[in-house]
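Output the structure for:
(chains A and B)
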Amino acid sequence: MNEPKSAPVRRKKRSQLAEIWRRMRRNRLAMFGLAVVVILILVAVFADQIADYNTVVIKQDVVHRFQGPSAEHWFGTDELGRDIFARLVHGARISLLVGVVAVAIALATGGTLGAIAGYFGGVVDNVIMRVMDVFLSIPILLLAIMIVAALGSSMTNLMIAIGLASMPTFARVVRASVLSVKDQEFVEAARAIGATNGHIILRHILPNCLSPIIVQATLRVATAILSTASLSFIGLGIKPPAPEWGAMLASGRSAIRDAPHVVVIPGLVIMITILALNLLGDGLRDALDPKLKR
Amino acid sequence: MYKYICKRILMMIPVIIGVSLLVFLVLKMTPGDPARVVAGSEADEATVEQIREELGLNKPVLQQYVDYMLALLHGDMGTSYTTRKPVADEILARMPTTFILAFAGVFVAVLIGIPLGIISATKQYSVLDYISTLLALGGVAMPNFWLGLMLILLFSLKLGWLPSGGGDSWTSYVLPAITLGVGATASFMRTTRSSMLEVIRQDYIRTARAKGAGEGRVVMHHALRNAMIPVITVIGLQIGTLLGGAVVNETVFSLPGLGTLMINAINQKNEPVVLGCLITFAIIFSLVNLLIDILYAFIDPRIKSQYK
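Purely as a prediction, here's the structure:
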């Protein structure tokens, strides 16, 4: 056989990550989302350096309550004279932590179940997915309320509740992507050389269906943060004096007439956070899988 | 058609059993002794034991579940620990408020979302399209209860046009319905838009145009009817979400609905009421899903023809 020799590759082949980053960078909305998320993470990590928890965040100062925004208190003070900016900064820590841990729980439980269901198929698939359908037939917020009602309200229980409530979504996503790759040749090849099922799922199948999982995880962190705020708002989430965003809205609402900033500002912060995560998630979807873009 | 409906109703039974079992088991994990809650903290051990016996709490959990479901078939959901009234009565009294709220919310969302979706699909990449996409992004990101607070701030406290809460007259439902509706508007809009965009490029639309139908007729008559199927799915899904959202919104607007009943019950550890509310919600969701599936068959002749 006389195969024509292929021309030497001159252009350095871009790594896949660089390619994804290049596509991301062109999407201005996604970059805005990414920037906001990075800032939020930095704020959450360095919250103690920005404002001290005991002397600023939960320290009451009734003389200076309901002050409007000023140079000293950027976002004003709340019903107990606490600096709203400092509380929002520490609130970012709570919200991001709950959001990320809840999604990690959902991914670990739902992802495992979905991978098993998709890989083995048959009865296993049917049983797991019917149970997930039962979970799915209750809206996430109500499911979370139910679990918090049973376990009692605390930050850990909140993470578990929101995590378990979002479990079926991940089960579905992972199952669907496992189904789409499990019959491909490289999986067959791995099986032919004697790889075990666990090895095939972890080393060959999951890395090939990471994109939809990453996208879903980003979007779900947003949902988890919203659910945390909602639950705290109705008194089933994180308890005062912890500066959770939803709880701040709940305790500020009685003063809404005289000091609207107490309610307006935390709501805006939640909105920007969710917006940024959604934009980032949508951008990641387009960058990771250009075929999906409509 | 008849066969299809029967099949769907039968398929609902295992789902309801599954959901109610899930709710029951999770609530049974609650730490603390319900009999002790009923008896009060001063009661002696013998009284607590007697109450445990009366409430059937000493039986195995699965037995309790079966008893509960059998009683439920007769409309009995037990007795509230705090008011001593039948739970079923309390729930029935609160149900209309939640229903009115959820359906008014869907109404608002359909009223805004679908026309916006149609406009942004027929005028793709126009200013209107961008504005409605932006509104949709904002609507999804906004915490619903916060929007409620903002509407209260503007329309009842600053302008004084509408009441901020209570369930006394229809005006007190206006703000909650808008609040709830805006959350769902975004998804209705996006679904209508993408579904319309898909349909509008089909051959039969070109045929309709070719035979001289006016643009309005093409959009409303030929395109919209075919574009509605995914929209109806989303409406069905959103009714569930809206019922969940109603729980939070009832708190914002202090409306006497199922949500406030349930949250109070959770705070008072009033287990029969919590259980009753959750199971009621679960059954409502299953029924809504059933209705949506039946509605499909009416809208989409392809489904109907499978079950001739």
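
Can you give the distance of the lowest-mean-pLDDT helix or strand in chain A from its chain's centre?
Within chain A, no helix or strand scores below helix A:47-50, which has a mean of 78 by mean pLDDT, DSSP states H and E. Taking C-alpha atoms, centre = their mean, to the nearest Å, the mean C-alpha location of helix A:47-50 is offset from the chain mean by 23 Å.

and what of stretch A:216-231?
6 Å.

Okay, now the unreliable bits of the stretch 151-294 of chain A?
A:290-294 (pLDDT under 70).

quick one on the thing from earlier: report all helices and strands that the helix or strand following the least confident helix or strand of chain A contacts.
Counting by DSSP states H and E, the next helix or strand C-terminal to helix A:47-50 is helix A:84-120. In terms of contacts (3 or more C-beta pairs under 8 Å, 6 or more residues apart in numbering or on different chains; DSSP states H and E), helix A:84-120 is packed against helix A:28-45, helix A:47-50, helix A:122-136, helix A:155-181, helix A:210-233, helix A:245-252, helix A:261-288. Where C-beta positions appear, they are placed from N, C-alpha and C, glycine not excepted.

and the residue of the stretch 201-308 of chain B found nearest chain A, what is it in contact with?
Residue nearest to chain A within the stretch 201-308 of chain B: B:Gly244 (3.5 Å; C-beta to the nearest C-beta). B:Gly244 makes contacts with A:139-142, B:281, as judged by C-beta atoms under 8 Å, 6 or more residues apart in numbering or on different chains.

closest to A:Gly114 among the residues you listed?
A:Ile140 (16.8 Å; C-beta to C-beta).

from memory B:Val182 sits against B:Val140, does it?
No. Using C-beta atoms under 8 Å, B:Val182 is not in contact with B:Val140; the gap is 9.8 Å.

Now find how far off-centre stretch B:59-67 is within its chain.
When C-alpha coordinates are averaged (C-alpha atoms, centre = their mean), stretch B:59-67 and its chain have centres 29 Å apart.

what's it in contact with?
Under C-beta under 8 Å, 6+ apart, the answer for stretch B:59-67 is B:20-21, B:24-25, B:28, B:56-57.

mind listing what's buried in the least confident helix or strand of chain A?
For helix A:47-50, burial by neighbour count (16 or more other C-beta atoms under 10 Å in any protein chain shown) applies to A:47, A:50.

what does stretch B:73-92 give?
Buried, per 16+ other C-beta under 10 Å, within stretch B:73-92: B:77-81, B:86-88, B:90-91.

In three-state terms, how would residue 194 be classified?
By default, I'm working from chain A. coil (DSSP: H, G, I helix; E, B strand; the rest coil).

returning to what we had before: now which of the contacts of stretch B:59-67 would you call buried?
B:20, B:24, B:28, B:57.

closest to B:Ile239 among the buried residues of stretch B:73-92?
B:Ile91 (18.5 Å).

Name the stretch among the helices and strands packed on helix A:84-120 that sits most buried.
Across the helices and strands packed on helix A:84-120, the average number of neighbours (mean count of other C-beta atoms under 10 Å in any protein chain shown) peaks for helix A:245-252, which reaches a mean of 25.

Can you tell me what sits against that helix?
Contacts for helix A:245-252 (C-beta under 8 Å, 6+ apart): A:78-79, A:84, A:87-88, A:91, A:94-95, A:228-235, A:237-240, A:259, A:262-263, A:266-267, A:269-270, B:143, B:145-146, B:149.

for chain B, what helix or strand is lowest in average pLDDT?
Result, chain B / mean pLDDT, DSSP H and E: helix B:301-306, a mean of 68.

residues contacting A:Ala259?
Here A:Ala259 is in contact with A:66, A:68, A:76, A:79, A:252 (criterion: C-beta under 8 Å, 6+ apart).

10 Å instead, please
A:Ala259 makes contact with A:65-68, A:76-79, A:252, according to C-beta atoms under 10 Å, 6 or more residues apart in numbering or on different chains.

In ChimeraX, how would I select just the buried ones from those residues?
The following ChimeraX line selects those of those that are buried, judged by 16+ other C-beta under 10 Å:
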select /A:65,66,67,76,77,78,79,252
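
Show me which of the contacts of A:Ala259 is closest to chain B.
A:Gly252 (8.9 Å).

and the gap between the closest one and A:Leu96?
According to C-beta to C-beta, to the nearest Å, A:Gly252 and A:Leu96 sit 21 Å apart.

residues in contact with A:Glu72?
A:64, A:83.

Take the contacts of stretch B:59-67 and keep only those in helices.
Residues of those located in helices (DSSP state H): B:20-21, B:24-25, B:28.

now those as CSV including pLDDT and distance to B:Phe155?
Shown next, in CSV, are the ones in helices among the contacts of stretch B:59-67 (pLDDT from 0 to 100; distance: C-beta to C-beta, whole Å):
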residue, pLDDT, distance to B:Phe155
B:Ser20, 84, 40
B:Leu21, 86, 44
B:Phe24, 85, 42
B:Leu25, 85, 44
B:Lys28, 80, 44
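
Per-residue confidence at residue 13, what does it come out as?
Using chain A here. pLDDT recorded at A:Lys13 is 62.

could you do chain B instead?
Predicted confidence (pLDDT) for B:Ile13: 83.

go on, B:Val37?
Confidence score, pLDDT, at B:Val37: 70.

OK, contacts around A:His73?
Here A:His73 is in contact with A:64, A:67, A:81-86 (C-beta under 10 Å, 6+ apart).

One more: A:Ala47?
Contacts of A:Ala47 by C-beta under 10 Å, 6+ apart are A:53, A:57, A:86, A:88-94, A:243.

Low-confidence bits of the stretch 151-300 of chain B, can you list those?
In the stretch 151-300 of chain B (pLDDT under 70), the answer is B:166-168.

got the residues of the stretch 1-150 of chain A near chain B?
A:29, A:130-131, A:133-150 (C-beta under 10 Å from any C-beta of the partner chain).

just to revisit the earlier point, near chain A, which of the buried ones among the contacts of stretch B:59-67 show up?
Answer for these near chain A (C-beta under 10 Å from any C-beta): B:20, B:28.

wait, doesn't B:Ala39 sit right on B:Arg52?
Yes. Contact criterion C-beta atoms under 10 Å: B:Ala39 and B:Arg52 qualify, at 8.9 Å.

what's the distance between B:Leu290 and B:Phe99?
16 Å.

ok so, going back, in strands, which of the contacts of B:Gly244 fall?
Secondary structure assignment by DSSP state E places none of the contacts of B:Gly244 in strands.

Which members of the residues you listed occur in helices, if any?
Short answer: the contacts of B:Gly244 in helices (DSSP H) are A:140-142, B:281.

Would you mind giving me the PyMOL syntax to select the buried ones in those residues?
Those of the ones in helices among the contacts of B:Gly244 that count as buried under 16+ other C-beta under 10 Å are selected in PyMOL with:
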select buried, (chain A and resi 140+141+142) or (chain B and resi 281)
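
Would you convert the ones in helices among the contacts of B:Gly244 into TSV that also reports distance to B:Leu261?
As requested, the ones in helices among the contacts of B:Gly244 are arranged in TSV below (distance: C-beta to C-beta, whole Å):
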residue	distance to B:Leu261
A:Ile140	20
A:Leu141	16
A:Leu142	13
B:Phe281	11
